[in-house]
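Visitor: below: sequence and its predicted model.
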Amino acid sequence: MRYKFLMILSLALMFSCTEPIKIEPQEGPQMVGVFGSITNEYKKHTVELSRTRDFYSTSAPEMISNAEVFVSDGVDTIYYEETENAGIYRTVKDVAGVPGRNYKLMVSFADDNGEHQYYANSVMPQCVEQIDSIAIKDYVFGSLHADDVLGVYPYYQTLPDQNIYYMCHLYINGRLLTDTLTEAYYYSMMGFSGMYFNGELMTLLAGEFPVYSLDQSRPDSTEYLHDGDEVTLRLYCIPEGFALYISDILSNSGTNPMMGLPYNVTTNIMPENMAVGYFYAASMTEKSVIYHPENDDDSPCQVFVSK
């Protein structure tokens with residue numbers, strides 16, 4: 001009889017009326033957000049300064065103007081200036097970082113609460129020597145085969161350092177497809193470090209590895225390839241800490257407090273517990289190829305000719 005009672009009680013609880021519950025997360029103090037990078041690309045590099053928002057806020061972040069921003073590597077000092085967009089700072093001149101150097105970011109500004117200083121360090125990793133070639137072919141990863149999808153398969157000699165992560169950005173005719181951290185693809189070689197990427201041994205042990213997929217089911221899609229399109233893959237070697245930062249961003253995306261992991265996103269901005277964001281140094285190599293489909297009907301079968 002007791003078991004019948006428990007069953008009836010359980011059913012009653014399952015099908016009883018419920019009232020919506022609104023969770024009121026306790027907001028912490030407003031903090032400064034710092035995000036920036038420097039790479040071995042010869043260009044103007046960017047640092048963004050803003051303030052954090054409340055959990056449910058839908059307003060644009062408050063940007064921080066009139067800050068002093070510079071990066072030093074012990075040899076050179078690289079100065080930044082604010083652009084016409086508040087809170088966006090770019091290097092005064094085009095400059096390229098040097099792999100192996102330790103870059104220190106310094107940010108200082110004053111507001112109604114006084115003077116503030118923030119800093120971060122990041123060592124620029126060595127990059128792979130080159131991407132030897134790129135194949136664009138039907139997407140196959142292990143037992144997964146996706147119809148009307150092309151995979152981007154690079155071939156290059158990986159670094160022996162297991163702490164190095166690789167981040168890929170893909171361009172079609174100069175248009176960046178991966179313009180946010182949630183779209184960029186990153187990975188670690190771990191026990192495969194030092195192997196030739198997508199080479200004979202790696203393929204034997206783990207299969208070929210596509211670093212990006214291109215949906216070919218919609219000709220109006222930005223990912224759809226036409227004969228003669230130029231595809232460029234930029235391969236960045238990034239520090240392990242920045243890879244963890246990306247992972248945390250992906251794990252904590254969205255506005256649903258019941259989803260995601262219950263911890264703060266990794267940061268290397270100091271002083272500790274005073275700011276959020278990340279400053280990283282990365283090295284890059286790239287490869288461009290021209291797409292020529294194998295068949296006359298423009299079906300997504302493959303063939304690329306390197307530039």
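Guide: Sure, I can see it.
Visitor: use CA for all of it now, contacts and neighbours both
Guide: Fine.
Visitor: so in that sheet, which strands flank the strand ranked longest in the chain, and in what orientation?
Guide: Counting by DSSP state E, the longest strand found in the chain is strand 275-291. Next to strand 275-291 in the sheet, as set by DSSP bridges, lie strand 32-39 (parallel), strand 230-238 (antiparallel), strand 304-306 (antiparallel).
Visitor: as CSV, those with mean neighbour count, mean pLDDT and distance to residue 268 would be great.
Guide: Converted to CSV, these look like this (neighbours: other Cα atoms under 10 Å; pLDDT from 0 to 100; distance: least, Cα to Cα, whole Å):
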stretch, mean neighbour count, mean pLDDT, distance to residue 268
strand 32-39, 21, 96, 10
strand 230-238, 23, 96, 14
strand 304-306, 17, 46, 39
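Visitor: distance of the spatially most central residue of the chain from residue 249?
Guide: Most central in the chain under Cα atoms, centre = their mean is residue 181, positioned 3.2 Å from the mean C-alpha point. Distance, residue 181 to residue 249, by Cα to Cα, to the nearest Å: 8 Å.
Visitor: again, but for residue 144
Guide: 27 Å.
Visitor: hang on, residue 247 is in a helix, isn't it?
Guide: Yes: checked against DSSP: H, G, I helix; E, B strand; the rest coil, residue 247 lies within a helix.
Visitor: which residues touch residue 278?
Guide: Shown in contact with residue 278 (Cα atoms under 8 Å, 6 or more residues apart in numbering): 34, 35, 36, 120, 242, 245, 267, 268, 269.
Visitor: should've said residue 96
Guide: 38, 39, 40, 41, 42, 43.
Visitor: what about the fourth one, helix or strand, and which?
Guide: Using DSSP states H and E, residue 41 is not contained in any helix or strand.
Visitor: ok, back up a step: from the contacts of residue 96, which is closest to residue 237?
Guide: Of all those, residue 237 sits closest to residue 39, with 9.7 Å by Cα to Cα.
Visitor: tell me which residues touch the closest one, please.
Guide: Counting by Cα under 8 Å, 6+ apart, residue 39 touches 45, 96, 97, 98, 124, 281, 282, 283, 284.
Visitor: please report the distance of the nearest residue to it once chain neighbours are set aside from residue 239.
Guide: Distances taken as Cα to Cα, 6 or more residues apart in numbering put residue 282 closest to residue 39, at 4.8 Å, once the chain neighbours are dropped. Note on residue 282: its distance to residue 239, by Cα to Cα, is 7 Å.
Visitor: what sits in contact with each of the two?
Guide: Joint contacts of residue 282 and residue 239 (Cα under 8 Å, 6+ apart) are 124, 125.
Visitor: more crowded one of these two?
Guide: Of the pair residue 282 and residue 239, residue 282 is the one with more neighbours under other Cα atoms under 10 Å, namely 27 against 20.
Visitor: in this structure that one contacts residue 36, no?
Guide: No: checked against Cα atoms under 8 Å, the pair residue 282 and residue 36 is beyond contact range at 11.1 Å.
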